[in-house]
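[1] Quick one: sequence plus predicted model below, questions after.
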Amino acid sequence: MPMIFDRIAILGVGLIGASIARAAREYGAVGAIALYDASPDVRERARALGLGEVFDDAERAVAQADLVVLAVPVGAMGAAAAASARGLKIGAIVTDVGSVKQAVVDAVAAALPTSVYFVPGHPLAGTEHSGPDASFATLFQNRWQILTPLPEQTDAYAAAVDRLEAFWRALGANVERMDAERHDVVLAVTSHLPHLIAFNIVAMAEDLESVTESEVVKYSASGFRDFTRIAASDPTMWRDVFLNNRDAVLEVLGRFSEDLAALQRAIRWGEGDTLYDLFDRARRLRREVIEAGQDTPAPNWGRDEPQS
């Protein structure tokens, strides 16, 4: 695999940032890796894991980097960009990994100098775990990386987008491009709303007076266990996602509330055909997800398969 960048800097050494460092090194996509995290404990852990050269200052970390990756929570993107702006070299590519795009574009673009190329991005990869110890090099294999290039399309900017796409492909990702507004609506449906539902259902189960907490834990069926896995995701990250993708989430949540009310009526009035038709449509979509390679058809979602 040819080297894409001589030197990259990653600001934020959590699951995603640390996994980028591991993958970039393992697949030979970069020559040198510089790291910075606002937490002294995380910086120390990154040093212990040997993830790259760790700096105690964001501005020094990005110096001479050809690519700078902002891998911090969505609400901290603007501050991370501002903290590193003076250290960016002319012609550097700056990208991010935020789950929301338009709010990040507004915050980051305003903080960066005009001498760099900002190409927003979002890897659709992750686990319910967080921190550098949870990172692994294959996190992005066969996962989608969405790039949302800015409207400006000079030849130099287009070349920067192409180079960033080559980097993500070197890490094993499939790359798609779309505009930021479209991204935020699509992800509100496929990621943000499912997380919101999971957080709410798990919290509701804990609050129900008719069921004790020990019963919830002891008798958790597979569906509820999957909700608890999603609900174990980083609360800081998801708080920022919902606050920064407010409009798209509220629009999708409104539609969901209407559909849920229709299901409630169907159950109340014994409308079995209505329930069956919706459940059948949902099952067909599940098959399409498996056929697209986005999940395994193995029984019990592959949990019983031997782990390598």
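    Now that the structure is in, tell me what you want to look at.
[2] Now do the lowest-mean-pLDDT helix or strand in the chain: which elements does it pack against?
    Least confident helix or strand of the chain, by mean pLDDT, DSSP states H and E, is helix 213-218 with a mean of 75. Using 3 or more Cβ pairs under 8 Å, 6 or more residues apart in numbering; DSSP states H and E, the elements in contact with helix 213-218 are helix 193-207. For the C-beta atoms, the positions are set from N, CA and C on the backbone; glycine is no exception.
[3] Could you check the helix it packs on and say which residues are buried?
    193, 195-199, 201-202, 205 (16 or more other Cβ atoms under 10 Å).
[4] Going by contacts, tell me the helices and strands next to the helix or strand encompassing T95.
    Using DSSP states H and E, T95 maps to strand 93-96. Contact here means 3+ Cβ pairs under 8 Å, 6+ apart; on that basis strand 93-96 packs against strand 67-70, helix 102-111, strand 117-118, strand 121-123, helix 155-170.
[5] run the last query once more with 7 Å
    Strand 93-96 is packed against strand 67-70, strand 117-118, helix 155-170, with contacts defined by 3 or more Cβ pairs under 7 Å, 6 or more residues apart in numbering; DSSP states H and E.
[6] Neighbouring strands - and their directions - for it?
    Using DSSP bridges, the strands paired with strand 93-96 in its sheet are strand 67-70 (parallel), strand 117-118 (parallel).
[7] Of those strands, which stretch is the most buried?
    strand 67-70 (a mean of 27; mean count of other Cβ atoms under 10 Å).
[8] Buried deepest among the helices and strands packed on strand 93-96, which one?
    Mean neighbours per residue, mean count of other Cβ under 10 Å, is largest over the helices and strands packed on strand 93-96 for strand 67-70, with a mean of 27.
[9] okay, the helices and strands packed on strand 93-96 in a markdown table with mean pLDDT and distance to A134 next?
    Formatted as a markdown table, the helices and strands packed on strand 93-96 follow (pLDDT from 0 to 100; distance: least, Cβ to Cβ, whole Å):
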| stretch | mean pLDDT | distance to A134 |
| --- | --- | --- |
| strand 67-70 | 98 | 17 |
| strand 117-118 | 97 | 28 |
| helix 155-170 | 97 | 20 |
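[10] Just send these back as CSV, with distance to A80 too.
    Formatted as CSV, the helices and strands packed on strand 93-96 follow (distance: least, Cβ to Cβ, whole Å):
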stretch, distance to A80
strand 67-70, 5
strand 117-118, 13
helix 155-170, 18
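[11] where's R229 relative to L187, distance?
    Distance, R229 to L187, using Cβ to Cβ, to the nearest Å: 19 Å.
[12] same deal with A282?
    From A282 to L187 the distance is 19 Å (Cβ to Cβ).
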